[in-house]
Each structure stands twice: as C-alpha cells, then as structure tokens.
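Engineer: Got a predicted model here, sequence first, then my questions.
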Amino acid sequence: MLDSFSRSAARRARRQYVGLMFRFMGHALEAISRFDKTVIDEARGMPDGLVFQMTVLPSGPALAIEHTGDGVLRYLGSRYDGPVDLSIRFKHLAHAFLVLSFQEKTVEAFANDRMVVDGDIALAVRMTRILNRLEAIILPRLIARRAIKEYPAELGLLEKLPGAIGVYRRVAFSMIRDLRKEALSQ
Amino acid sequence: MSRYYEFFCPVKVIAGEAALEHLPYELTSIASVRPMIVTDAGVRAAGLLEPVIAACTESDVTFAAIYDEVPPDSSTTTVREIANLYRQQQCDAIIAIGGGSSIDTAKAVNILVSEGGDDIAAYSGAGVLTRPLRPFFVVPTTAGTGSEVTSVAVIADTERSVKLPFTSSFLLPNAAIIDPRMTLTLPPHITAATAMDALTHATEAYTCLARNPLSDAYATAAIKKIGRSLLAVMDNPDDVQGRLDLAEASTMAGIAFSNSMVGLVHSLGHATGAICHLPHGLCMSLYLPYVLEYNLEDIREPLSELLLYLEGPEVWAATPASRRAETTISAVRHLRDELHHRCELPRTLRETGKVKQSQLDNIARQALDDGSIIYNPREASLKDVRSLLEKAWG
C-alpha cells in the first residue's frame, strides 16, 4: 500500500518536474533569442510564424514556441492548441524525464528512438542546435556536458556568464508574471 | 554504445544462385496472379528483365503490366502514372527491379495503390501510414543502396521543386531477391561507387551514435565481404561469388544503417548530391576517410575493430592496438586509390570535375541541416564542416 502510494507520488513529481522544465525552457528560449547572436542567426533560418512544439505523448506536458521573425522566438505557453509546423514528441514521460534531468543527451534520445519528429527534419536539426546553445549558456559546464554532444570550446566565461544571468533574470520575471496571471484567473 | 536500442527488419531475404527462380513461388504463395514490374530503361536495355520474366513464365506466372521508364530522379508524376497503370491493369502485386530510383518509385506507387488517391504528397513524412500495403518485392540490380531493406523512399515533387521523404515500416517489401546475375553486368565505375556506398553505410552504422549489437553484426559482416570481394570483382567482373558477396554486403549494410542511422558522411553526401548532382555512392567514397579522421578520437575503439573485418586477421594482428584506427583509415584510402587506378573513381572533389570551390560554402550550410548529422558522434559546426570540405577538395 505504502509502496504503491510512493510510486504514484514519484510519478506525479516526475510529471510536475517535466512540466516545470518545459515552462522554464519556453521562457528561456524566448529570453535567449533577444540577445544571443548564435541563437538569433539560427532562428533566422526558420520561416516567420513557424510554431515548434515539444511535447510528451499522449497528452503532454508540452511547450510551444513561435518564430515571430528576425530570429525572435516567442513562448506560446504550455496549453497551446493551435496548428503546429514542427514537433518533437517524447514517446513517454519517462523519456522526457531522462533528457530534462540531464541523464540522457538530446542526441542520445534521438539515437535511442525516444522521440518522434513530425515536420521538416532540417528545421528539427536547427531547433536542436538552438536548444544545445541554450543549455551551453545556462547550465554549469559540468552539467552542460551531460546534456549536449560537445561543449562549445569557444564559449568563454565572459560570454557565458552575462548570457546566463540575462536568461535567468528574464525567465524569473516571466514565471512570476505567469504565477500572478494564474492566481488572478482562479 | 547505446544503452537502449530498437531493431526491425521483417524483410525475407532470398539470396544466391537461382534466387530469381524463387520469385514465382513467392508470388503464388500470396495468391498474386497479376503482378506488375516497375523498372527503368537501363535495366531493360541491359537484358536484366529476361531472367526474371523467364523464371516466372516457366512457372506459369505472367505479368499484367511492365513499366520500364522510371527516370533516374523519380517524380510524383511518374508515381501517379504507374499507379494509374496498376489500377487499369488490375494488378495485385509490385515487383521493383533496379537501383534506388526504381525501388523508391515502386514504394511510393505502393502507397497510392494501397491507400487510394492521386496525391502522393499527402502521405509524405513519418508515421503517416497506419496499415500494411499491397504485396511488394524487390530485385536490386545494383549493390550499394540497400533500399530493398530500408523503410524510406524519396520522390521529387517537380511542381513544387522539393524532395518528398516517406518513412514507414510499411514501405518495406515482403521479400528482397538477391541474385548475382542481376549485378554481373554492372560497369566498373558503378560497381566501385555502389560498393563504397555500402561500405560507408556499414562503417557509419558501426561508428555513429545509434549503433547497437544487432546492427553491429550486420555492419561487420558487410565490411568483411566488401574487403574480400570488391577488388576481386573489379579485376574479374564475371566473378559470380564476388558479385554475390557485394550484393549481400549491400543488403546487410542496408539492414545495419536502417537500424542505427548514419552520420556526417551522409550529411555531406546528401548536400553535395543536391547541389552538384554527383551520384550518391561517389559522394560517400569522396568523404568517408575525411569524416573518419574528423571523428577519430570519438570512434577510435570501433574504428580499430573494423580493421579486422576490412583487412583480415593478419593485418589486424600485425598492427599495434594504438595504430589500428589510423590503419583502418589508411585501408579505406588505399581502397580508393585502387579503385581510382582501376576505373578512375574520383578521390577528391577536384577530381570529379563537377564541383566548384565556390559551391563549398553552400554544401557546408546544407550539410549542417541534414538529419543524419544528429547521429554523428562528434559535433560539427559550420567552420568544422567547411574545413572538412577543404580537405576533401584535394
């Protein structure tokens, strides 16, 4: 009985963690696209108005991002249900947890068939590079190495630190705003 | 090595001497009485349809339709045309005879005749098909693409100037018939380029991120056969056993890479093929040693192991363990030199005479967005890819 209860609590905690990480990533992608030249250049290669969704089968959690043009990304929230141009779907919550808890690199998840891509593969590759750049900037080097294939050799502290502070500051503001909105709507 | 893997290959492989004579039995066993052949003019001109037709006629199996005008880069128009012929003639099975283009075309035709409609683009992408298609058989006439065991097809949409990819396990044929008679007349430069294609499939399958124990077994077996038979067949094109070895190697490499994917050699090859219109096998041969050098420190162990299969136990044993990876790359270079000597297969982009240095930037950018780059063991930036292309330029 106790065992079953703790297993169910662990599953709930895992779902909440994945949902929270998706929300963090959504805001972080929006934030980094405001100032990081590498991300802006990569995003510029995507069509204006493209909507990218990362989700967990069968029914979420999810994050949706829109390329509004000129390299700028906009977080559309976790409950976006409009048309999607490109999606990366984890086959199971456990697979999303492996990646978002840095136990498995994104490319390993691809190699291990954990995810299904729907849409233009070239754009999915580009989006993966953007996610890699985000992780290289915001994660400590030791953790980033567990998340991405190769830590960029040219990324020095002088570039990483202001970048990370910029992302965390904007994400904190956005998440507080989200919480206020949610509190007001209840 | 991957901690988790998936492996799937439901294709019956019918290979060896008089393999074609098994085709009528396969057709009658699924109650097919009006099969259709999809092939190209080159296959017909080379007289490769005759042994297939003769084998079937002798067992009272006749063909309801033969379409022999598949172009080298097949299009949605061709697919529609063949699907209409299939319906008009009330066919009940498809037999693709040829190389990559005929096989991919037949896969796309099978989608239309099974699912209905005329718009093949509606079925483009991954996971769109949800049920088995009509009976489908493949008789490869080249030994390199491995298309007879891959669940992918690419068809050009000429009206919209895009290439449409189709991915589904339902595209796989019921059986692949590997008969050495079908590759016996392949010209030397095509024999060489397609074998290098198979070698690249196997090498990347064995060294890239999604490798697994089962794909490893197929990859090493394929490399062993290519190492043993490629130059022998180049010297003696009538070597039936050697031809069969290369055809089997192509199929095994196809099984390997369709279960473990490929890497940067293919990213560069796809981009070069699209921009400079070079044959795929040649592109593989051009880039293989340079990409292995680029990846070297990430693939030292598997690459060292490949020396045993490519060069044999004597060379492997005589080479110090610390030098085996480099020796494998040297063996690939030596193989390319020998092929260049025998049929002038280009070793550098410059030697092709069809690539301009001004195109390298474009190739690099396109390669970076290719799906196979995800599975390459080492990350590659635009600068890395550009520098690799400079080396391959020669």
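Structural biologist: Now that the structure is in, tell me what you want to look at.
Engineer: Who are the packing partners of the biggest helix by length in chain A?
Structural biologist: Taking DSSP state H as the criterion, chain A has its longest helix at helix A:2-32. Helices and strands touching helix A:2-32, by 3 or more Cβ pairs under 8 Å, 6 or more residues apart in numbering or on different chains; DSSP states H and E, are strand A:51-56, strand A:62-69, strand A:72-77, helix A:93-100, helix A:121-138, helix A:157-185. Just so you know, the C-beta spots here come from the backbone N, C-alpha and C atoms, and that holds for glycine as well.
Engineer: Quick one: those as JSON lines, columns for distance to chain B, mean neighbour count and mean pLDDT too.
Structural biologist: JSON lines is the format used below for the helices and strands packed on helix A:2-32 (distance: least, Cβ to the nearest Cβ, whole Å; neighbours: other Cβ atoms under 10 Å in any protein chain shown; pLDDT from 0 to 100):
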{"stretch": "strand A:51-56", "distance to chain B": "15", "mean neighbour count": "22", "mean pLDDT": "96"}
{"stretch": "strand A:62-69", "distance to chain B": "15", "mean neighbour count": "21", "mean pLDDT": "96"}
{"stretch": "strand A:72-77", "distance to chain B": "18", "mean neighbour count": "19", "mean pLDDT": "95"}
{"stretch": "helix A:93-100", "distance to chain B": "9", "mean neighbour count": "21", "mean pLDDT": "94"}
{"stretch": "helix A:121-138", "distance to chain B": "4", "mean neighbour count": "21", "mean pLDDT": "94"}
{"stretch": "helix A:157-185", "distance to chain B": "15", "mean neighbour count": "13", "mean pLDDT": "88"}
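Engineer: For B:Asp369, find the nearest of those.
Structural biologist: Proximity to B:Asp369 (Cβ to Cβ) singles out helix A:121-138 among the helices and strands packed on helix A:2-32, at 3.8 Å.
Engineer: Tell me the first helix or strand C-terminal of the closest one.
Structural biologist: helix A:141-147 (DSSP states H and E).
Engineer: what's the spacing between that following helix and its chain's center?
Structural biologist: Offset of helix A:141-147 from its chain centre (Cα atoms, centre = their mean, to the nearest Å): 15 Å.
Engineer: Those residues of the stretch 1-150 of chain B touching chain A, which are they?
Structural biologist: Residues of the stretch 1-150 of chain B found near chain A (Cβ under 8 Å from any Cβ of the partner chain) are B:2-6, B:125-127.
Engineer: And the furthest pair within the residues you listed?
Structural biologist: Checking the residues of the stretch 1-150 of chain B next to chain A with Cβ to Cβ, the most distant pair is B:Arg3 and B:Gly125, at 28.4 Å.
Engineer: which of those two has more neighbours?
Structural biologist: Taking neighbours as other Cβ atoms under 10 Å in any protein chain shown, B:Arg3 and B:Gly125 compare with B:Gly125 leading, 18 against 8.
Engineer: how about the residues of the stretch 1-150 of chain B next to chain A in JSON lines, adding secondary structure?
Structural biologist: JSON lines is the format used below for the residues of the stretch 1-150 of chain B next to chain A (DSSP: H, G, I helix; E, B strand; the rest coil):
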{"residue": "B:Ser2", "secondary structure": "coil"}
{"residue": "B:Arg3", "secondary structure": "coil"}
{"residue": "B:Tyr4", "secondary structure": "coil"}
{"residue": "B:Tyr5", "secondary structure": "coil"}
{"residue": "B:Glu6", "secondary structure": "coil"}
{"residue": "B:Gly125", "secondary structure": "strand"}
{"residue": "B:Ala126", "secondary structure": "strand"}
{"residue": "B:Gly127", "secondary structure": "coil"}
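Engineer: For the stretch 151-300 of chain B, which segments count as strands?
Structural biologist: When assigned using DSSP state E, counting those that start in this stretch, the strands of the stretch 151-300 of chain B occupy the ranges B:152-157, B:162-167, B:175-178.
Engineer: Pull up the pairing partners for the last one, direction included.
Structural biologist: Using DSSP bridges, the strands paired with strand B:175-178 in its sheet are strand B:12-15 (parallel), strand B:136-140 (parallel).
Engineer: which of those strands is buried the deepest?
Structural biologist: By mean neighbour count, with neighbours taken as mean count of other Cβ atoms under 10 Å in any protein chain shown, strand B:136-140 ranks first of these at a mean of 27.
Engineer: average pLDDT for that one?
Structural biologist: For strand B:136-140, the per-residue pLDDT values average out at 97.
Engineer: Pull the residues that contact it.
Structural biologist: By Cβ atoms under 8 Å, 6 or more residues apart in numbering or on different chains, the residues outside strand B:136-140 that reach it are B:20, B:23, B:26-27, B:35, B:52, B:93-99, B:103, B:106-107, B:110, B:147-148, B:173-179, B:182-183, B:247, B:250-251.
Engineer: swap the cut-off to 6 Å and go again
Structural biologist: Outside of strand B:136-140, the residues within contact range by Cβ atoms under 6 Å, 6 or more residues apart in numbering or on different chains are B:94-97, B:103, B:110, B:148, B:173-177.
Engineer: Please produce a ChimeraX select command covering the buried subset of those.
Structural biologist: Buried residues among these (16 or more other Cβ atoms under 10 Å in any protein chain shown), as a ChimeraX selection:
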select /B:94,95,96,97,103,110,148,173,174,175,176,177
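Engineer: Return the closest of the contacts of strand B:136-140 with respect to chain A.
Structural biologist: Each of the contacts of strand B:136-140 was checked against chain A using Cβ to the nearest Cβ; the closest is B:Ile103, at 21.0 Å.
Engineer: Return the residues in contact with that closest one.
Structural biologist: By Cβ under 6 Å, 6+ apart, the contact list for B:Ile103 reads B:96, B:138, B:147.
Engineer: Pull out the CA atoms of whichever helix or strand it is part of and give them to me as PDB.
Structural biologist: Using DSSP H and E, B:Ile103 sits in helix B:100-115. Provided in PDB are the C-alpha atoms of helix B:100-115 (Å, rounded to 0.1, in the frame of the first residue of the first chain):
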ATOM      1  CA  GLY B 100      17.500   3.200 -55.800                       C
ATOM      2  CA  SER B 101      15.200   5.200 -58.100                       C
ATOM      3  CA  SER B 102      13.100   2.200 -59.300                       C
ATOM      4  CA  ILE B 103      12.800   0.900 -55.800                       C
ATOM      5  CA  ASP B 104      11.800   4.200 -54.200                       C
ATOM      6  CA  THR B 105       9.300   4.800 -57.100                       C
ATOM      7  CA  ALA B 106       7.700   1.400 -56.500                       C
ATOM      8  CA  LYS B 107       7.500   2.100 -52.800                       C
ATOM      9  CA  ALA B 108       5.600   5.300 -53.500                       C
ATOM     10  CA  VAL B 109       3.400   3.600 -56.100                       C
ATOM     11  CA  ASN B 110       2.500   1.000 -53.500                       C
ATOM     12  CA  ILE B 111       1.300   3.800 -51.100                       C
ATOM     13  CA  LEU B 112      -1.000   5.200 -53.800                       C
ATOM     14  CA  VAL B 113      -2.500   1.900 -55.000                       C
ATOM     15  CA  SER B 114      -3.000   0.700 -51.400                       C
ATOM     16  CA  GLU B 115      -4.200   3.900 -49.800                       C
END
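Engineer: so it versus strand B:152-157, what angle?
Structural biologist: Counting by axes from the mean of the first three to the mean of the last three Cα atoms, to 10 degrees, helix B:100-115 lies at 90 degrees to strand B:152-157.
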